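any chance you could fold what I've pasted below:
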Amino acid sequence: MLNVFLNGTPAYLLLTLCFAFLYYGAIIGLELVTHQDPTAPHIIFVTTTLALAIMFDPVRMYVQKYIEQRFNRRNREAARAVQIFTSTLREEIDLDQLSDRFLTVIEQTMDPYSVSLWTRISEERQEKSSATEMMRIADDDPFIAYLLKHAGLLEISRLQLGTSIVQNLKAQQAEILLPLASQGELIGLLVLGPRLKGEDYTAEQRTLLDSLIPQVAPALRVAQLVQDQQMQVRERERIEQELRTARTIQHTFLPRNVPALPGWLLVPYYKSAREVGGDFYDFLPFEDGRLGIVIGDVTDKGIPAALVMTATRTMLRTAALEQSSPSEVLARVNDLLHVDIPAGMFVTCFYAILNPKNGHLRYANAGHEPPYRQHDGNAAELWATGMPLGMMPGTRYDEYEATLIPGESLLFYSDGLVEAHNTTQEMFGFPRLKTALEDPSDGTPLIEVLLGKLKRFTGDGWEQEDDVTLVTLQRTH
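Just a heads-up that it's a prediction; the model follows:
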C-alpha cells in the first residue's frame, strides 16, 4: 500500500507536517537562544524564519519529484505498456502473437507468479501459459455457463462451484479469473496466480484488468476467426493434394491398353469421384491366349485406398502367374494381403479367366458384386460369393464355370453405379440396373446405355459420391 500512501494528497500532507515540525522547532530553538543571550540581534530570528518559509516550496517540489520518480515510475511504465498494446490491437490478427503479447503485458503490469491464457479455436481448446499447469475444460462443463453469466473479475477463492476446473484452480493457488467473452460466447479465460512479492493486487491493477479485458476479447475473437479460416484453407489444400496424389496412383495402375480378342468386344470405363475411392480393374493375358479379367474395390478412400489397390493389383498379377485357377489366386492374395492391410480395410474382388476360343469362363468371387449376364433382353447375375480379401487368413473360395454364347454379354461393375443417389436421395439400385440391361437397345454400346440412364436418374449437377467402374465383355460371334 506504499504506492497509494505516497501518491497525491497523503504524501503532501506528510511533507507539510514535517516542515511544520521543523519550522516550529527552529522558532523554539531561536527563542531559547535569545532568552539565554538577550544581546543576540533580533534580525537573526527574522532572517531564519524567512529562510525556512522561502525553502518550503522548493523542498516540497523536490520531494514531490522524488516521490513521483521513485514510486510512480512503475505505474507510468505499466500505463505506457498497456497503451502501446491496446493501440495496436486492431492491427494484430495472428492469434499466437496476440496471445503472447497479451500475456507479456499482464506479466509486466501485474507481477503475477503465474498467468494462464485459455483460448478457443473452432471446437477445440488451446492454452497459452507461463505456468506449468494448464487448464482442461470440457465443452459441457457448467463452469462455462457460470462464466458467461458472471462477467468481470472473479476471486477464485470465493467461487462456490464444485466443478473439477474450480478445484484445480484452487489447488494451483490461482487468485484471479477473468472471462473473455464476445457476442455471448466464451472465447477465453485469463487466470492469474499470486503476485511475486506476496502483495495483494491493488485497486488500480484490478481496475486496469477490468478495462483491458473488454478490449482484448473482441481482438482475440477476430484472430480466432482468421486462424479458423487459415486452418480450413490449409486443410482444403491438404485434401486437394491427397486427392491429386490418389488420382495419379489410381490412373497409373489402371490398364493403358485393352487386349484385342478376335470375336470379342472388351470395353472398360472408369470415372473417379472427387474423393477417390479404391476401384480398380485389370486384364491379365496368358501365353496360351486366355485372358484374366479382374474388378475390385478397396474400402476407404484417398491415398490409403489407392496404396492398398496398388498392392492388391501387384499380388493378383504375381499369384496369377503361379496359380492356374481363379479360386487359388484369390486364396493366395487373401493370405498375403491379410498380413499388411490396415485395420478395418478389406478388398472385394471378382476374378475370371476367359478362353476366347470357346467362350468358356472360370471365375471366383471375394465379396464383390456379381457380374450381370445379358442376352436377348434377359439379364441375370453370374452368381458367386465369398469372403472379401484381407479379412480372414486361410479362406477358401468356390470356383464356378459358365460358357458365353455369341451375342451374349457380361457386365462387371462396382458399387458406385448401384449406390448412386438422385436429388431425392433415392438409390439407383439393383432392380433399376437389371431393368436397364433388359431394355431393348438399338445397338448402342452397353456402357453408353447405362451411363445415359444413370445421368437421367441423378439429374444435372450430380455430385458423384463414389468411383464408377464398368467393364463389358461381349461375344460378337
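
report the mean confidence score over stretch 82-91.
The pLDDT scores in stretch 82-91 average 72.

next: stretch 402-411.
95.

mind listing residues that contact it?
By C-beta atoms under 8 Å, 6 or more residues apart in numbering, the list of residues contacting stretch 402-411 from outside reads 354, 358-361, 363, 371-376, 382, 437, 446, 450, 470-477. Every C-beta, even on glycine, is put in place using the N, C-alpha and C of the backbone.

quick check: end-to-end length of it?
Taking C-alpha to C-alpha, to the nearest Å as the measure, stretch 402-411 stretches 14 Å from start to finish.

tally of neighbours for residue 342?
13 (other C-beta atoms under 10 Å).

about what we covered before: now list the buried members of the contacts of stretch 402-411.
354, 359, 361, 363, 371-375, 382, 437, 446, 450, 470-475 (16 or more other C-beta atoms under 10 Å).

in strands only, show me those residues.
Secondary structure from DSSP state E places 354, 361, 363, 372-375, 470-475 of those in strands.

what packs against the longest helix seen in the chain?
Ordering each helix of the chain by length in residues (DSSP state H) puts helix 203-252 first. The contact analysis (3 or more C-beta pairs under 8 Å, 6 or more residues apart in numbering; DSSP states H and E) places helix 203-252 against helix 73-87, helix 95-110, strand 115-121, strand 176-182, strand 185-192, helix 302-322.

repeat the analysis, applying 6 Å as the threshold.
helix 95-110, strand 176-182, strand 185-192, helix 302-322 (3 or more C-beta pairs under 6 Å, 6 or more residues apart in numbering; DSSP states H and E).

pLDDT on stretch 230-240, on average?
Stretch 230-240 comes out at a mean pLDDT of 82.

identify the residues contacting the residue lying closest to residue 113 once chain neighbours are set aside.
Of all residues not flanking residue 113 in the chain, residue 193 sits nearest, at 4.4 Å (C-beta to C-beta, 6 or more residues apart in numbering). Listed by C-beta atoms under 6 Å, 6 or more residues apart in numbering, the contact set of residue 193 reads 112-114, 174.

try it again with 8 Å
112-115, 131, 172-175 are the contacts of residue 193 under C-beta under 8 Å, 6+ apart.

for residue 342, same thing?
Residue 342 touches 300, 304, 308, counting by C-beta under 8 Å, 6+ apart.

what inclination does the longest helix of the chain have with respect to helix 95-110?
If you take axes from the mean of the first three to the mean of the last three C-alpha atoms, to 10 degrees, helix 203-252 sits at 160 degrees to helix 95-110.

and the following helix or strand past helix 203-252, what does it pack onto?
Toward the C-terminus, helix 203-252 is succeeded by strand 264-271 as the next helix or strand (DSSP states H and E). Counting contacts by 3+ C-beta pairs under 8 Å, 6+ apart, strand 264-271 packs against strand 278-285, helix 446-458, strand 468-475.

change it to 7 Å
Using 3 or more C-beta pairs under 7 Å, 6 or more residues apart in numbering; DSSP states H and E, the elements in contact with strand 264-271 are strand 278-285, strand 468-475.

lowest pLDDT pick from the contacts of residue 193?
Confidence-wise, residue 131 trails the rest of these, at 41.

return the distance of stretch 205-223 from the chain's centre.
26 Å (C-alpha atoms, centre = their mean, to the nearest Å).

give me the contact list for that stretch.
Applying C-beta atoms under 7 Å, 6 or more residues apart in numbering, the contact partners of stretch 205-223 are 82, 86, 89-90, 92-95, 98, 102, 109-110, 119, 152-153, 178, 180-182, 187-188.

and it, what's buried?
Those would be 205-206, 208-209, 212-213, 216-223, for stretch 205-223 by 16+ other C-beta under 10 Å.

quick one: low-confidence parts of the stretch 151-300 of the chain?
Applying pLDDT under 70 to the stretch 151-300 of the chain flags the ranges 274-277.

90 - rerun?
For the stretch 151-300 of the chain, applying pLDDT under 90 flags the ranges 151-256, 271-279, 299-300.

what residue spans form the domains of the protein?
With domains defined by automatic domain parsing, the chain comprises 2-71, 90-227, 253-475.

TSV for those, including distance to residue 246?
Output for those, formatted as TSV (distance: least, C-beta to C-beta, whole Å):
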stretch	distance to residue 246
domain 2-71	66
domain 90-227	26
domain 253-475	4
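
these two touch, right, residue 476 and residue 263?
Yes - assessed by C-beta atoms under 7 Å, residue 476 is found in contact with residue 263 at 5.8 Å.

tell me, what residue is most central in the chain?
residue 231 (6.9 Å; C-alpha atoms, centre = their mean).

distance of residue 190 from residue 177?
Residue 190 sits at a distance of 7 Å from residue 177 (criterion: C-beta to C-beta, to the nearest Å).

do the same with residue 228
For residue 228, the distance to residue 177 - C-beta to C-beta - is 25 Å.

would residue 334 count as being in a strand?
No - using DSSP: H, G, I helix; E, B strand; the rest coil, the assignment for residue 334 is helix, not a strand.

count the residues that sit near it.
Residue 334 sits with 28 neighbouring residues when counted by other C-beta under 10 Å.

not counting sequence-adjacent ones, nearest residue to it?
In space, residue 334 is closest to residue 389, 4.7 Å off (C-beta to C-beta, 6+ apart).

does the one you found have beta-bridge partners, and which?
Residues in a beta bridge with residue 389, per DSSP bridges, are residue 347.

what sits against it?
312, 330, 333-334, 337, 346-347, 349, 366.

okay, now residue 350: neighbour count?
28.

which residues does it contact?
Here residue 350 is in contact with 295, 363, 365, 368, 371, 412 (C-beta under 7 Å, 6+ apart).

next one: it from residue 330, what distance?
9 Å.

could you do residue 464 as well?
Relative to residue 330, residue 464 is positioned 29 Å away (C-beta to C-beta).

so between these two, which is more surrounded?
Between residue 464 and residue 330, counting by other C-beta under 10 Å, residue 330 is the more crowded of the two (28 against 16).

hmm, back to that, make JSON lines out of the buried residues of stretch 205-223 and add distance to residue 394.
Putting these into JSON lines (distance: C-beta to C-beta, whole Å) gives the following:
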{"residue": "205", "distance to residue 394": "74"}
{"residue": "206", "distance to residue 394": "74"}
{"residue": "208", "distance to residue 394": "74"}
{"residue": "209", "distance to residue 394": "69"}
{"residue": "212", "distance to residue 394": "69"}
{"residue": "213", "distance to residue 394": "66"}
{"residue": "216", "distance to residue 394": "64"}
{"residue": "217", "distance to residue 394": "63"}
{"residue": "218", "distance to residue 394": "64"}
{"residue": "219", "distance to residue 394": "63"}
{"residue": "220", "distance to residue 394": "59"}
{"residue": "221", "distance to residue 394": "59"}
{"residue": "222", "distance to residue 394": "60"}
{"residue": "223", "distance to residue 394": "58"}
